[in-house]
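Colleague: Fold the stuff below for me.
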Amino acid sequence: MVDKDEALSLGLIDGYAWHQAFWEAFPGHDGEKRSFLFRVDEKERFFQAYLLSELLAARSVWGSWEPKEISSGFLSHKRYLFQLRANPTKRIGKETDKGKRIGIYKEEDLKAWLTRKAEQSGFKTANFAVSKPIAEYFRKSGSKQNKLSRVDFEGILEVVDKEKFKKAFNDGVGSAKSLGYGMLILKPIE
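Modeller: Numbering: from 1, shown residues only. Okay, here's the model as predicted:
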């Protein structure tokens, strides 16, 4: 949890700034591939930040941290309530070898995107809601302003392939994971 005034004083104003701040929680890992997922939810007076990592994060000098270990049986349930903050995109054209990535905005296309990603990630969605896309901007040091489309999905999922599901939980779903997207927030349904 980070007080809004403290976050502003630290320059935590976009996904890239949060990403850089979380990197500081893993000293000695500069230049390595990102090994964590995060999500930041804005509340009335503070930011609620979630960080998922196999490495133990060092105590930070900002915010209040409450580390929690994920039990070995947490990912063995069949059904979960889920939340997913994503940057749904698709590739078009052939300007590069992979084409250009563009945002998805229509509700039916967003639902199809999640259904496709769920299948790739070892689960199916039984029932879910889709928020309207919200534009979010970020700027890497010295670069022009970049835009992402934030969409929140929420509902019920059922695991159909445990290994793919565990990988999706640990690695995230969709693009822009290094900027605070793709983390599955789960609550088992008994």
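Colleague: Which neighbouring elements make contact with the one helix or strand residue 5 maps to?
Modeller: Using DSSP states H and E, residue 5 sits within helix 4-9. Judged by 3 or more CB pairs under 8 Å, 6 or more residues apart in numbering; DSSP states H and E, helix 4-9 is in contact with strand 46-53. C-betas here are computed from N, CA, C, even on glycine.
Colleague: partner strands of the strand it packs on, parallel or antiparallel?
Modeller: strand 2-3 (antiparallel), strand 36-42 (antiparallel) (DSSP bridges).
Colleague: Give me the buried stretch members for the longest strand seen in the chain, please.
Modeller: Ranked by residue count under DSSP state E, the longest strand found in the chain is strand 146-159. For strand 146-159, the neighbour count (16 or more other CB atoms under 10 Å) marks 148-151, 153, 155, 157, 159 as buried.
Colleague: now do stretch 110-126
Modeller: 110-111, 113-114, 117-118, 121-123, 125.
Colleague: got it, and stretch 25-40?
Modeller: Applying 16+ other CB under 10 Å to stretch 25-40 flags 25-26, 36-40 as buried.
Colleague: Format those as TSV; extra columns: pLDDT.
Modeller: Below are the buried residues of stretch 25-40 laid out as TSV (pLDDT from 0 to 100):
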residue	pLDDT
25	82
26	81
36	91
37	95
38	95
39	96
40	96
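Colleague: okay if I get those as JSON lines plus distance to residue 81?
Modeller: Shown next, in JSON lines, are the buried residues of stretch 25-40 (distance: CB to CB, whole Å):
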{"residue": "25", "distance to residue 81": "28"}
{"residue": "26", "distance to residue 81": "30"}
{"residue": "36", "distance to residue 81": "23"}
{"residue": "37", "distance to residue 81": "18"}
{"residue": "38", "distance to residue 81": "20"}
{"residue": "39", "distance to residue 81": "16"}
{"residue": "40", "distance to residue 81": "20"}
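Colleague: Looking at these, which is nearest residue 163?
Modeller: residue 37 (18.2 Å; CB to CB).
Colleague: Do I have it right that that closest one meets residue 173?
Modeller: No: contact criterion CB atoms under 8 Å: residue 37 and residue 173 do not qualify, at 9.7 Å.
Colleague: shared neighbours, those two?
Modeller: residue 182 (CB atoms under 8 Å, 6 or more residues apart in numbering).
Colleague: counting contacts, what elements does the longest helix anywhere in the chain pack onto?
Modeller: Counting by DSSP state H, the longest helix found in the chain is helix 107-120. Under the contact criterion of 3+ CB pairs under 8 Å, 6+ apart, helix 107-120 touches strand 79-86, strand 123-130, strand 146-159.
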